[in-house]
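J.: how does the following fold in three dimensions:
(7 chains, ligands or ions: 5)
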Amino acid sequence: MSKLETEVTRMKAEDYCLFYGNFRALNNISIEIPTNRITAFIGPSGCGKSTLLRSFNRMNDLIPGVTTTGTVYLDGRNVAQEDVVELRKNVGMVFQRPNPFPKSIFDNVAYGPRLHGTRNRSDLAVLVEKSLKRAALWEEVKDDLHKSGMSLSGGQQQRLCIARAIAVEPEVILMDEPASALDPVATLRIEELMNELKKNYTIAIVTHNMQQAGRVSDYTAFLLTDENRAGNLIEFGPTKQIFTTPSDSRTEDYISGRFG
Amino acid sequence: MSKLETEVTRMKAEDYCLFYGNFRALNNISIEIPTNRITAFIGPSGCGKSTLLRSFNRMNDLIPGVTTTGTVYLDGRNVAQEDVVELRKNVGMVFQRPNPFPKSIFDNVAYGPRLHGTRNRSDLAVLVEKSLKRAALWEEVKDDLHKSGMSLSGGQQQRLCIARAIAVEPEVILMDEPASALDPVATLRIEELMNELKKNYTIAIVTHNMQQAGRVSDYTAFLLTDENRAGNLIEFGPTKQIFTTPSDSRTEDYISGRFG
Amino acid sequence: MSRESFDRELEDVTRNLFQVTGEVRKNLAASVKYLEKRDMQGAAMIIEADEIVNLRCLEIEVQCLNIIATQQPVATDLRLLFSILQISTEIERIGDYAKGIARISLKIGPGKLIKPLLSISRMEEIAGQMLDDAIRAFTEGDEKAARNIPSRDLQIDILYNQVHRELITFIMEKPSNIEQTMMLDWVAHNIERVGDRVVNICERVIFTVTGIPIDLN
Amino acid sequence: MSRESFDRELEDVTRNLFQVTGEVRKNLAASVKYLEKRDMQGAAMIIEADEIVNLRCLEIEVQCLNIIATQQPVATDLRLLFSILQISTEIERIGDYAKGIARISLKIGPGKLIKPLLSISRMEEIAGQMLDDAIRAFTEGDEKAARNIPSRDLQIDILYNQVHRELITFIMEKPSNIEQTMMLDWVAHNIERVGDRVVNICERVIFTVTGIPIDLN
Amino acid sequence: MTPGIRRTGIEKTMKMVLMISALASVLIVLLIFLFTAKEAMPAFREIGIGKMLSDTTWRPGNNQFGILAMIAGSGLVTLGAVFIGVPLALGTAVFLSEIAPLWVAKIVRPSIELLAGIPSVVYGLFGMVVIVPWVRMIPAPGNTGYGLLSASIVLAVMVLPTIANISEFAVRSVPRGYKEGSMALGATKWETISRVIIPAAKPGIISAVVLGLGRALGETIAMIMVIGNSVILPTPVTSNPLSIFLSRARTLTGNIAVEISYATGVHESALFATGVILFILIMLVNSSARFLMRKGARS
Amino acid sequence: MNKRSFAQNTAFGIFWLTGATAVLIMVFVVGYIMVKGLPGISADFFTTSPRGGLSGEGGIYSTIVTTFYMIVVTLAFATPLGVGAAIYLTEYSANTESRVVRKLVILARFGVETLAGVPSIIFGLFGYALFVTALNMGFSILSASLAGACLIIPVIIRTTEEALKSVPAGYREGSLALGANRWETTWKVVLPAAFRGISTGVLLSAGRIVSETAIFFVTLGGSYRVPHSLMSGGRTMALHVYYLAMETRAFDKAMSTAAVLVGMIILMNLIINTITSRISAKQG
Amino acid sequence: GEPGDGTPDDASAESVETVELSVVGSTTVQPLAELLSEAYEAIDPNVLVTVSGGGSSVGVKSASEQTADIGMASREIKDSEIQECPEIVVHTIARDGIAIVSSLDVDVDGVTMEEARKIFAGEITDWGEVGGTPGMITIAAREEGSGTRSAFEDLVMDDAFISETAILQPSNGAIRTTIASTPGSIAFISFGYLDDSTKPMAIDGALPTSGNVNAGTYPVVRPLNMVTYGEPTGAAAEWLEFIIGEDGQAIVAAEGYLPVN
Ligand SMILES: Nc1ncnc2c1ncn2[C@@H]1O[C@H](COP(=O)(O)OP(=O)(O)OP(=O)(O)O)[C@@H](O)[C@H]1O
Ligand SMILES: Nc1ncnc2c1ncn2[C@@H]1O[C@H](COP(=O)(O)OP(=O)(O)OP(=O)(O)O)[C@@H](O)[C@H]1O
Ligand SMILES: [Mg+2]
Ligand SMILES: [Mg+2]
Ligand SMILES: O=P([O-])([O-])[O-]
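T.: Numbers count the residues shown, from 1 in each chain, chains lettered A, B, ... in the order given. Ligands and ions are numbered 1, 2, ... in the order given. Take a look at the predicted model:
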């Protein structure tokens, strides 16, 4: 069984609280996301999984009225003080519904690199190919890079989005329920891909599907709302431990289907 | 382990084929739905689960261009020759997304009985109470029957829809992914309710969630599309058998996550 | 996740385990009693009864398999099922020991025993009580009890050594008795093994409760 | 549903099972060899080595538990895990028998044996081969092999009876040898038990493949 | 059984009744076309469509019925309105959907809705008393303030809400995911808007513009109040080609409204003919908008 | 990086400017009308009718009455027809078997779309040719309402269709699955659920009638007397503004009337906004 | 009976039916007709006159097709119209002078008939040519078909056409507004619309006044007509009588038109 102590921390939240206006959505979260591992966030709906995930690349900045206390670190640097564009380049994100842009497959993947200054066509072509290969999509689309990204199937679209995220060469990839809009076959592909990706990236994934967390993740964090509806981190540890011998009875209750 | 041979058949499809225009969506389905049991339909997306389910109360009649061959029976009578209003009264349906009408809780439940001629207020009141009790919702709403059905939580709404279906005193209740729009807690309630309901009703449920099929159903039917994308019934039997010793290798492949 | 149906099935399988344990316990006591009383018919009945125990245990195993396949439990629930599975194996083995004793009974035949079974009966009493206690500890999730029970195995071991030495002395004295004497040694040995099995069950109880596998032998 | 990681983990645990079986097989052979050679050190080593076997088996059990908890397998996959679990228990027990033989070795002490171990070695050879074959049948899902192996248990049983009678004669002849003779009978008995265990493993193989629980004893 | 039969009876009757209402629109369109065409027939017969469309002289007293000048007038005034109104409308649309803080949007959006609701006669009035005197201040020979420029300005304000609303809708219906996806790749907000959101909304925006165009072509009252109504082919009044907008003109709609009260015989028929031509023109424009919208929806 | 944020700041500056311009235009137009118009408004202005021919004396009483008549009569024609058509198009057309019916539906849709694009002066021409002249109804509220109804039928159809479409499909399926037929489903479930949406549509159409000028210019006659039957001619407020501005010396009265009109439109917008915000609050 | 005395007579008195007269046509005559109807209703409240616009041609057509009781026309009835419906009877209720007006800034006080024609035909384009301060002349005119325009064309323009570049406005009021607000502009309007926002211009030395018209020195005059289908009867006849009568003609005069007798 893997041990947290032996891992290298890539991202870290420390005493992190997040407020939507006056509503405390996250309460004093401290958690370390280990490098080259898949960390899953599970918990009942509304416990703040997405909110926590989005804190890592400051996507919550886009929501008016959000305030935070505590600190989030990427490689030891406080993300609040980083340039947000640079941060989001380093911490990529994949969303629940596949959201390719209505552009060609090529342009979808090249979008990020172009933004960040890669203009040279052949550089881009190399990058696009590499990213699509890593996202296990290259074989399926290589003859049709100029087809619209929207014309792909749901599962392919999601892999395209992963390729797009990879193309800017992030260190961390955040995934918010990346397979919940997909059918089981596509879900399977994505899960396999994640296993592949963790060799090169650090992955954090939100899932409402405990089985999925069990299947794909190395570490699992369980969040739960307290009596004030604020999300708390109840337990964090190796996935196997969480699923066989959780140390908190609330975790056990949740994963074994006992509630309230 | 329960045995099919010892069951009483309530509904039956015999050599049933269904076409959307020229597209054969169901191919030669023969299946018996046993009385007072929960029968689950599982299979990959697009295999025709919903279509088959909707054949039992002729909801497919509403779709233009649908033609069928073969026969569906309810208690031995060919449903195609029954009055469709009467049939739908006997074969109730609960949908994927809870769909209470924007009326009061009372009016929601009383809707069906009123349609079918029950006008007397006190009769209706008795019926509504009985239905809500059966749907395990009475305790939660009894003081507020005139609140809108929409103001309930998702899980409560789904139970309201079940109460509404029960109120017309059907023999069979069809459920098309009744919990897929709900959170785990509400899902749990619905599954418990189904267990309760099978004492009085025959239940057929479509689910894309194999775990759910495993948990709630007594019998499981596995459907799969053939090379022409037509849905075929691959295997039908006691759920425990399907989940431990399926006789068809495609069933095994599907339930254990191997595809293609 | 449907706790209700899961709990119902869990209860069912636990009850079955409890029941089969009761039967095995009965068989074990009876096997020694019949041996003492030289009741050949009784011994034969026990051999037959063990068939039923075997079937019951198989059923429990299948039940566990079904529950895991259809309900997909985790954590405590899963450990519980695992434990039921393993305990039922142990119970089945204990049943085998009872059957073994009955077989020996038959082999010895209806003649009078060369020596009264005082210590062996005592051993059986202790082992049976341990089994009862272990199963109670299991159903009650009583970790403490499970930790205490194994110490009683020592008594059985001591008794066994006593019996064993006694029997060897016996043989030395009357080599012609060797067959029966060795058989009685087997009986004692079987009962001693029952004690070990019970210790295994106690280990399971502790694992179920704490999730920590342990070795009490 | 992620077959890939599931298959990886399954492979892992199967490999572990295979490995621990190899070790147990080795220990069993060595225990008899050391007994023959009166190698006290070797015997002591085997007792130690069994600790490792126990740990390995525990590990396998935990692995199975983890896989079931996190991957929630069904049908063949689940049966496979169940079988691995049960087989590892059997293997552990076989390990215990090897340890038991080593213990007897130590008890007998370094002196020369009262009689050469010819039949016992033969029994060990057959049992060991059966174990090898059973595990191979398991990894290969070879139901037919699994059905054939148990017949060989008969040979062991015959040999055991032979040894047993021989030993009794021995005691009758020289009651002073009773201690050692009974111990050697124990050794033979242990090996006979190994055969039974292997039959259990074969039952598991058949169950894994067909889903039908069977009793070959 | 009886309630069953009654229920089925009601169902069948209602279905019939509803179908007839649904066909009423077709009937109206048909009637409109037939009646206007019928009234226009004498003109077409006596003057000839070709002559009407190619002749710039409109002198009913002299039996000259060329409407080319009016077509040019309608076209130019619409063009002017597009030039002035479209940037404003699109800017507002993007502003509202992507940039404006909530409280600002809460001011801007009702303002636009109000602009949409103001009657065209009020715009005409406003144009007459405010815009025309302003335009008159531009020094150019013969500039009276009445003319294409004033009309275009008024029209621009009038179509602003139409275009802004539809294109805001188009921008808004760009899936949220595009925006999040782009931002998550480290794009700035402007990069997201310009590279992802606007391209994605383009079909909707284009059809918004075309629909606005249709609106503009059909506007009547406000036009006759500010455009000067002279039947001349607009020409630049100075060397600057843009000064064409200082020229007076008449729109097709204006032609009808201004003269219908006094026309008899062929003159009246010629006005109906103007109506038919306007009708066809607008149908062309609107169906191209519809086509664009469908194409957008498909991709 | 600097370049990127500079581009953003510039672009956003321009967008803020356009947004502000839109508001300024509104404020200026409305403000101008109000400043010029409000001083002329008094109680008398609402209670007396126009009189005095060219002088443009009097208030707007009769034009308010006419406007009201026009709204009522037009809606009376258009609402049942529009709502009925919308119901047919959304509720019935989806599951027709017959090819003829399906062709008819396509035709009906084409009709609605075309009608929606027809400029009002054409409706005026049509109303003039058909109702006023051919059918001998003369310049009257009836003629004008019929022509006006043509203008707002597509508006009502479209908004009703939107409202019906936003009724979740689940309501229909739910009702049908309980054994209700189409009409019962529509009448008991769909229409009540769409009621607010439909009423916004109707209100919107009323707004169109209030502000319409071109059609009534050629069909309503322009008499400023209080109408006493559907066959009377009349003058809506918007038309009155036109007459005042074009035919009389009373520019100030035109402004006052325009101010009242704009006030009315503001009121209607407020009502519509409250309704729709309630709808979205309920759905969101 | 007296109102409110509660006798059965009362009911019968109330049942005296209100007669409605529909008057349709020229927008020039419309305001005048409205004034006349208001005045008449004060005398006979049982007659309700609704005055609708539509234009002179519509007026004649409505009367001949009997869709209106009375048609209004601000011009002579055309031969073609009489041919189409010989039954129509024309009642001239007033005469209207058509005045040439300019914006107040124009320093030309009068023009000759010839100059007027040339100005409106676009041949004279500068005020300098007619003795004023040089500056561009902006012409405004009524639209084709207007009674005012056709009268002006008949009386002033001979065979020449009014310049195409003229601002065209669909009503006298609009013309006046245009002139008042456009420097250097000139147009023709009905006498009824004369006020101090525009400057009347003498033609051949005669200013547009009723005096000059009556004296025969001001040439540009047209009749304002009411048309009925056949001889009028009942309320229509009574109303027409009232108009021709003293009270009616007083109103005509007060509005700036010329009484008929
Ligand atoms: N933009 C927002 N404004 C206000 N509250 C919000 C906002 N987004 C989320 N919340 C609230 O914050 C809490 C946490 O939301 P979050 O979306 O992180 O939950 P989650 O665990 O991802 O749930 P789910 O499983 O449903 O996605 C919830 O109570 C939610 O209502
Ligand atoms: N109205 C329709 N018209 C044409 N084809 C249809 C229609 N509804 C379903 N189909 C097709 O019929 C097949 C079976 O559809 P069905 O909805 O029954 O599948 P399903 O098993 O319920 O899938 P899911 O799990 O996605 O709900 C699919 O190929 C689908 O595309
Ligand atoms: Mg979430
Ligand atoms: Mg489905
Ligand atoms: O409006 P007129 O017909 O009198 O010019």
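J.: for the chain, what are the low-confidence residue spans?
T.: I'll assume chain A. A:1-2, A:258-260 (pLDDT under 70).
J.: sorry, I should have been clearer: chain C.
T.: For chain C, the stretches with pLDDT under 70 are C:1-3, C:217.
J.: cool, chain G as well?
T.: G:1-16.
J.: ok, longest helix in it?
T.: The single longest helix within chain G, with elements called by DSSP state H, is helix G:29-43.
J.: that helix near chain F at all?
T.: Yes - judged by C-beta under 8 Å from any C-beta of the partner chain, helix G:29-43 and chain F are in contact via G:Gln30, G:Pro31, G:Leu32, G:Ala33, G:Glu34, G:Leu35, G:Ser37, G:Glu38. Backbone N, C-alpha and C define where each C-beta goes, glycine included.
J.: now do the phi/psi pair for the closest residue to the first one other than its chain neighbours.
T.: Put plainly, it is G:Gln30. Once flanking residues are discounted, G:Gln30 sits nearest to G:Gly53: 5.1 Å by C-beta to C-beta, 6 or more residues apart in numbering or on different chains. Backbone torsions of G:Gly53, given as degrees, to the nearest 10, read phi -80, psi -150.
J.: residue contacts, G:Gly53?
T.: When contacts are counted by C-beta atoms under 8 Å, 6 or more residues apart in numbering or on different chains, G:Gly53 touches E:Ser261, F:Phe139, F:Gly221, F:Gly222, G:Val24, G:Gly25, G:Ser26, G:Thr27, G:Gln30.
J.: run a quick neighbour tally on the fourth one.
T.: Other residues near F:Gly222 come to 28 when the count uses other C-beta atoms under 10 Å in any protein chain shown.
J.: what sits against it?
T.: F:Phe139, F:Gly233, F:Gly234, F:Arg235, F:Leu239, F:Tyr243, G:Gln30, G:Ser52, G:Gly53.
J.: what separation do you get for it and E:Ser261?
T.: Using C-beta to C-beta, to the nearest Å, F:Gly222 is found at 10 Å from E:Ser261.
J.: can you check the second one too?
T.: With distances taken as C-beta to C-beta, F:Phe139 is found 11 Å from E:Ser261.
J.: which residue ranges of the stretch 151-261 of chain G form strands?
T.: Per DSSP state E, counting those that start in this stretch, the stretch 151-261 of chain G carries strands over the ranges G:167-169, G:185-190, G:199-203, G:221-229.
J.: reformat those strands as JSON lines; add mean neighbour count.
T.: Below are the strands of the stretch 151-261 of chain G laid out as JSON lines (neighbours: other C-beta atoms under 10 Å in any protein chain shown):
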{"stretch": "strand G:167-169", "mean neighbour count": "27"}
{"stretch": "strand G:185-190", "mean neighbour count": "27"}
{"stretch": "strand G:199-203", "mean neighbour count": "21"}
{"stretch": "strand G:221-229", "mean neighbour count": "24"}
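J.: which one of the residues in the stretch 151-260 of chain A is closest to chain G?
T.: Distances between the stretch 151-260 of chain A and chain G by C-beta to the nearest C-beta are smallest at A:Ser151, namely 56.1 Å.
J.: which strand or helix spans residue 203?
T.: I went with chain A, as the question did not name one. Using DSSP states H and E, A:Ile203 sits within strand A:202-206.
J.: I was thinking of chain E, sorry if that wasn't clear
T.: Counting by DSSP H and E, the element that carries E:Pro203 is helix E:198-218.
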